[in-house]
Each structure stands twice: as C-alpha cells, then as structure tokens.
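Colleague: structure here, sequence nowhere to be found:
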C-alpha cells in the first residue's frame, strides 16, 4: 500500500509544528491535521494571551508605586475590551506566522478532526491518508468533572476571551493555572476568592515557594479559602455558589474552573488502533516518544509527561531528528525550568529541597529580602531565593525564586545548572550590582543542612550542625 506522506502529525500546536518543520527539513513529506486554529493551546488560548493579560495587570502595581518615585496625578482605568481587541489582533498575527512557517517548510496543512483508522492510516476532513509514521500532538483541554456543577464555570480558555472584568470571581483549584488567573484578575480589579482543598498552593513545587506564595497573594488582595474539600458548584441569580465540605458557601459573580487539564485523546480511534492509554487518558510512550502501536508516536501534553510548551517542542524535534535525521536524539525530562506568572512570579529549575534531601546530604542556601524597587516606596513585598546543593560534590541541584523578575533570572541560571555548575562556581562569579539576581552569587553560608556533615566543596570542614 503506497503512502501519501512520510509523516502525518495530528495537532498544529507548538510541538506538532516543530516536529513537522524539522521532519520536512530532513526531506520528509509531511502533513499536519488540525481541527482548530494553528498554534495550539500555547499561542491561541494559553501561554501567550495569558502573559499579555499578566502584563496588563502588572500596570496596576506600577501605577500604585509611581507616587513613591515622585510621579503626581498618576491614575488609570482598565478597559478590558480594548485589551481583548489588541490581544485578538496579536493572536491572529501569530497564527498567520505559524501558518507561514508550515507553508515555507513545505508542510501540507489539512483542516479537520483527525482519527486513526488503522496502521499508518488517518482520516481527516473526508480524506483517507496513509503515512509511514503518525505523530499525535493533540495537546490537552481543561478537565471539567472534579466536582458536580463544575461544567458551569468558565475555563482558562473562556477567561482569555472576556471583554469585561467580573466584579467578583471564584477561582477553583490550587495549581499554576488557578494561582496565575487569581493573581491576574485581582490585579485587573476583580474581587477574587481562591478555593482549594490543600493547605498550600502549587503541590509539587518546592516547599519554601509554596509557603511564601499564599501570603504574597493575600497581600495583593486575593482571598484564600483553603484546607477544606470542595463539594459542588451551582449557578444562582446573582452568580455562583461553591459548597464546601464543612458546609460553608463561597459566592461570586463569576467562577473559573482551574482544576487541571486532561489529554486530548477522546474520539481519535487510538485504542482501536492499538495505542495504549494510561489511567488519566494520556498516551503511554517510551523514552523515544513511541507508543504501543506500530508507527505511532506522541509528544507534548497528550503524553502527560512534563506539560510545558518548550518540552513539547523539544520532544517534537527529537522525534523528527531520530526518525528522519539519522541520529538518535532524546529529551532529558529531569531538569526542566518552569515559571508561574503570579504577582510576585516564581521561577524554578531542578530538585526541590525535600526531593534532594531524600537522595543524600544537601546544603541549602537562602536569601530573603525586600527588593530595592518596592522597598523604596515602603512596600513590604519580599523576594526569596534558594540554592539546593549536593552536600558531597557541591553541585547545584535546584534553583528556586519567588519575587520580581524570577522567571527571567532563573532562565539564565538554568543554563548553569544544566552545565553542572557547583556552589564554588557561583561563589567565584562576581555580582552585577545593584540587582536582585546578584543575591544568587552572594550566599555564603548554608541556612541548613540535611544528612551527615560533609566536607565542603571548597575543601574546608563545614561548621558543626546545630
């Protein structure tokens, strides 16, 4: 049976587009099937518009600080419809750019919902196509079934289409989507209540970051309703009511479901084609992104490994290089930097303190201070930085920060961590002054140690443990 293409990619998000273009550069005949807009979640309804909304919200803090720097008669009023129109133009521009990238690379784009119909056979838009390899890059979508009535709430997709700021907003969830939109909408003027069942936000992040985020959000006006199970959501004449396990009820004019996302695998004929799904509905793959079915691979959020856009792009390119470029490439998922765009933001890479301590002796260095910019105006806002260091080798295992510019600072330091930098390398690095980032190279004594006393990487005995 002849093939119409060497590769069919299902999904034109960042990962799928990256894989398609790289495979085409290796000489493959490639088709990308997409049922929605080109660019996927990140470009159309995720990372990009969310950060544009975050930038809009950040002006509120700048306006509040301006009088402390001598500015007078500073005021402003946010009109979300104006932002929404500008955002729509920017997303349209980016989508056009993605389409041009595919076209310039010689990749065919097919509109429609794609479905596997056999080994190397894909049905899309009434066409039956055959390829030697199929790559599923269909991403994920908001989950809607954590509690009864949750389907009534907005999702992150809907929030990014708002044309006015709700007077009050109930955000349901405690993960990064929840804290980001709670922070952003509070900055835009909504009265925000963040409801979650855990004692702390951002499960899975370093404990020190989690402990500091809650009071920081509260200082920005976000009401925290934590530590109680969530029972059900209902709509009322005035908006929404959230019933909690202790019988209390939270009310707001609008509600946002931010309880997580689920892989887009339904209705694609995957299991019929022999593609094994895990308990969460994600495509199970090996280290080379190969599924259990012959000639089917998968990358990005649909595999539920590390659900970040740069990871999906790296996985897509690694697949294309391995299958069409005659060289095996694998993605290292162990050390991936990430950011949480709250106010203040978080940047993190590598192991958290607790995870590192489970592996062996660990030295922990910390700096907690009031940044120059906000301290000058009398603000109590603080920045916190942490280095997690191997107590045997001195290698830096984790870098964590909450505070202004944390994502930008940690992105640069992630290079050092990936290169195997030691604490001694940080100590030898001269500071750029005055900056917040310089604190990462000025930490001299560990705040605490886990495990038995060790010989410091500089060759001198460490101080006695207390």
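Modeller: Good, I have the coordinates. Since we're looking at a predicted model, the values are computed, not measured. Numbering: from 1, shown residues only.
Colleague: so what's the residue nearest the centre of the chain up against?
Modeller: The centroid of the chain falls nearest to residue 308 when counting by Cα atoms, centre = their mean (5.3 Å). Contacts for residue 308 (Cβ atoms under 8 Å, 6 or more residues apart in numbering) come out as 336, 338. From N, CA and C alone the C-beta is placed, and that goes for glycine too.
Colleague: any idea how far it is from residue 75?
Modeller: Using Cβ to Cβ, to the nearest Å, one gets 38 Å for the distance from residue 308 to residue 75.
Colleague: swap in residue 408?
Modeller: Distance, residue 408 to residue 75, by Cβ to Cβ: 29 Å.
Colleague: counting neighbours, go ahead and name the busier of the two.
Modeller: Remark: of residue 408 and residue 75, residue 408 carries more neighbours, 12 against 6, as counted by other Cβ atoms under 10 Å.
Colleague: helices or strands up against the lengthiest strand in the chain?
Modeller: Longest strand in the chain by number of residues, with DSSP state E as the criterion: strand 127-136. Secondary-structure packing of strand 127-136 (3 or more Cβ pairs under 8 Å, 6 or more residues apart in numbering; DSSP states H and E): strand 5-10, strand 121-124, strand 296-298, helix 309-324.
Colleague: for the top helix by length along the chain, name the packing helices and strands.
Modeller: The helix that spans the most residues within the chain, counting by DSSP state H, is helix 80-104. Judged by 3+ Cβ pairs under 8 Å, 6+ apart, the packing partners of helix 80-104 are helix 14-25, helix 40-45, helix 47-65, strand 108-111.
Colleague: span of stretch 369-388 from start to end?
Modeller: 18 Å (Cα to Cα, to the nearest Å).
Colleague: related to what we said a few turns ago, relative to the whole chain's centre, how far out is the longest strand of the chain?
Modeller: Relative to its parent chain, strand 127-136 has a centroid offset of 30 Å by Cα atoms, centre = their mean, to the nearest Å.
Colleague: pairing partners for it, with directions?
Modeller: If you go by DSSP bridges, strand 127-136 pairs up with strand 5-10 (parallel), strand 121-124 (antiparallel), strand 296-298 (parallel).
Colleague: can you put these in CSV and add distance to residue 343 and mean pLDDT?
Modeller: Shown next, in CSV, are the strands paired with strand 127-136 (distance: least, Cβ to Cβ, whole Å; pLDDT from 0 to 100):
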stretch, distance to residue 343, mean pLDDT
strand 5-10, 37, 98
strand 121-124, 42, 95
strand 296-298, 35, 98
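Colleague: any chance of those in CSV with distance to residue 437 and mean neighbour count as columns?
Modeller: Converted to CSV, those look like this (distance: least, Cβ to Cβ, whole Å; neighbours: other Cβ atoms under 10 Å):
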stretch, distance to residue 437, mean neighbour count
strand 5-10, 39, 27
strand 121-124, 48, 21
strand 296-298, 38, 27
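Colleague: turn the ones you listed into a markdown table, including distance to residue 46.
Modeller: Converted to a markdown table, the strands paired with strand 127-136 look like this (distance: least, Cβ to Cβ, whole Å):
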| stretch | distance to residue 46 |
| --- | --- |
| strand 5-10 | 18 |
| strand 121-124 | 23 |
| strand 296-298 | 19 |
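Colleague: for the longest helix of the chain, which positions count as buried?
Modeller: Using 16 or more other Cβ atoms under 10 Å as the test for burial, helix 80-104 gives 80, 83-84, 87, 91, 94-95, 98-99, 102.
Colleague: farthest-separated two in the residues you listed?
Modeller: Using Cβ to Cβ, those span at most 32.3 Å, a distance reached by 80 and 102.
Colleague: what about the helices in this structure?
Modeller: For the chain, the helices defined by DSSP H occupy 14-25, 40-45, 47-65, 80-104, 156-159, 176-187, 207-219, 309-324, 353-357, 372-375, 406-418, 423-428.
Colleague: returning to what we had before: and of the buried residues of helix 80-104, the nearest to residue 178?
Modeller: residue 80 (20.0 Å).
Colleague: count of residues packed around residue 394?
Modeller: 21.
Colleague: how about the one 3 residues further on?
Modeller: The number of residues packed near residue 397 is 24, by other Cβ under 10 Å.
Colleague: give the contact list for it.
Modeller: 350-351, 356, 362, 388-390, 417.
Colleague: quick one: these as CSV, columns for neighbour count too.
Modeller: Below are the contacts of residue 397 laid out as CSV (neighbours: other Cβ atoms under 10 Å):
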residue, neighbour count
350, 24
351, 23
356, 23
362, 25
388, 25
389, 26
390, 21
417, 20
